[in-house]
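*Asks:* Structure, please.
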Amino acid sequence: MATTAAMERILKENLLEAIRKVKEISPKRNFVESIELILPVRDIDLRRPENRFRIFVKLPHPIAYRDKIAFFADEVHASEAREIASKSEDIITVIDRVGIETLRTSKREIRKIAKRHRILLATTTLMSLVARYFGRYLSPRNKLPMPVPPSRRAADAIAEAKRTVAVRLHKNLAIQAKIGHRLMSDEELTENGVALILAVVPRLPDKWRNLRRYAYVKTTMGPPVKFSLFVKRK
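*Replies:* This is a model prediction of the structure:
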C-alpha cells in the first residue's frame with residue numbers, strides 16, 4: 001500500500017476531478033444544492049457496538065450556503081446567541097430552558113426542529129436535559145447536539161458548527177455526509193472531502209482496509225460520480 005502522503009495526494013486528485021465532473025453533469029436548480037460524499041465500507045460487523053460510531057468532524061470550510069443551526073442555550077449563551085441570530089444571514093434558532101420545557105410536551109415540534117436544522121448545539125449544562133426529553137427523536141436522525149462548554153463564547157461555537165458535520169456509521173455499510181454546496185470552489189469542496197475521509201479512517205477497525213476502492217460524490221438531486229480512493233486516475 002502507498003505511503004499516507006501518497007494516498008492523500010491520490011485521494012485529493014481523484015476527488016477534485018469527480019467534483020468537477022459532478023458540477024458539469026448535474027443541471028442547475030432553482031436552489032443551491034449541497035454536495036454530498038458517499039463512502040462505502042466493508043468487512044465491518046455493525047452488530048458489534050464497538051464498530052458503530054458517531055463523530056463530529058470539523059472541516060476546513062463552512063458547509064452550507066445558508067446554514068440552519070438550533071442552539072439549546074443556557075443563560076450563559078442564550079443572550080449572545082440571540083444577538084448573533086438577529087444579525088446573521090443563517091437561520092439560528094435559540095431554545096432556552098423555558099423553551100425546552102415547552103417543547104417536551106410537543107413531539108411534533110421537536111421533530112420539526114430536527115428536520116429543519118442541519119446541526120444542533122447545546123450548552124453542556126443542558127445536555128442531560130436535552131438527551132432525556134428529546135434523545136429518542138434526535139438520535140435516529142443523527143441530530144444529537146454538539147456540546148458547548150459554558151466557558152466558550154456562543155459566537156465561536158456557532159462559527160465552528162458552520163464547518164462541522166455529524167458523521168455516523170450505524171446500520172448501513174456506508175457513510176454519507178455533506179461536504180459543502182455547489183457555489184463553493186472545487187478546491188474548497190475537495191479540502192472538505194479529504195478532511196472528512198481522513199477523520200473517518202482512524203475510527204474504522206482496520207483503517208484504510210475497511211474502505212472499498214471507490215467512493216461517490218453527488219449533488220442533492222444529481223447523479224453520483226464514482227472516484228477511486230487508492231489508484232491514481234489515468
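
*Asks:* Tell me which helix or strand comes right after the longest helix that the chain contains.
*Replies:* In the chain, assigned by DSSP state H, the helix with the most residues is helix 4-25. Next helix or strand after helix 4-25 toward the C-terminus (DSSP states H and E): strand 34-40.

*Asks:* still on that earlier bit, how far off centre is the longest helix of the chain?
*Replies:* When C-alpha coordinates are averaged (Cα atoms, centre = their mean, to the nearest Å), helix 4-25 and its chain have centres 20 Å apart.

*Asks:* got the angle for that helix vs strand 34-40?
*Replies:* With axes from the mean of the first three to the mean of the last three Cα atoms, to 10 degrees as the basis, helix 4-25 and strand 34-40 are set at 130 degrees to each other.

*Asks:* For stretch 150-163, give me every contacting residue.
*Replies:* The contact list for stretch 150-163 (Cβ atoms under 8 Å, 6 or more residues apart in numbering) reads 58-64, 67, 69, 71, 73-74, 76-77, 80-81, 84, 90, 92, 119, 121, 123-125, 146, 148. C-beta: built from backbone N, CA, C; applies to glycine.

*Asks:* Return the members of these classed as buried.
*Replies:* 59, 61-64, 67, 69, 71, 73-74, 76-77, 80-81, 84, 90, 92, 119, 121, 123, 125, 146, 148 (16 or more other Cβ atoms under 10 Å).

*Asks:* Among those, name the ones in helices.
*Replies:* In this view, the buried ones among the contacts of stretch 150-163 that belong to helices under DSSP H are Val76, His77, Glu80, Ala81, Ile84.

*Asks:* okay, these in JSON lines with distance to Ile113 and pLDDT next?
*Replies:* Putting those into JSON lines (distance: Cβ to Cβ, whole Å; pLDDT from 0 to 100) gives the following:
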{"residue": "Val76", "distance to Ile113": "21", "pLDDT": "95"}
{"residue": "His77", "distance to Ile113": "17", "pLDDT": "97"}
{"residue": "Glu80", "distance to Ile113": "20", "pLDDT": "97"}
{"residue": "Ala81", "distance to Ile113": "15", "pLDDT": "97"}
{"residue": "Ile84", "distance to Ile113": "18", "pLDDT": "97"}
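
*Asks:* The strand or helix carrying Arg108 packs against which elements?
*Replies:* Element membership for Arg108 (DSSP H and E) is helix 107-116. On a contact count with 3 or more Cβ pairs under 8 Å, 6 or more residues apart in numbering; DSSP states H and E, helix 107-116 meets strand 68-72, strand 91-95, helix 97-103, helix 127-138.

*Asks:* Kindly state the domain boundaries assigned to this protein.
*Replies:* Following automatic domain parsing, one gets these domains for the chain: 4-61+164-228, 68-161.

*Asks:* ok, now which ones touch the residue nearest the centre of the chain?
*Replies:* Nearest to the mean C-alpha position of the chain, by Cα atoms, centre = their mean, lies Val165 at 1.9 Å. For Val165, the contacting residues are Phe56, Val57, Leu59, Ile63, Ile119, Ala177, Lys178, Ile179, Leu196, by Cβ under 8 Å, 6+ apart.

*Asks:* Is it part of a helix or strand, or is it coil?
*Replies:* strand (DSSP: H, G, I helix; E, B strand; the rest coil).
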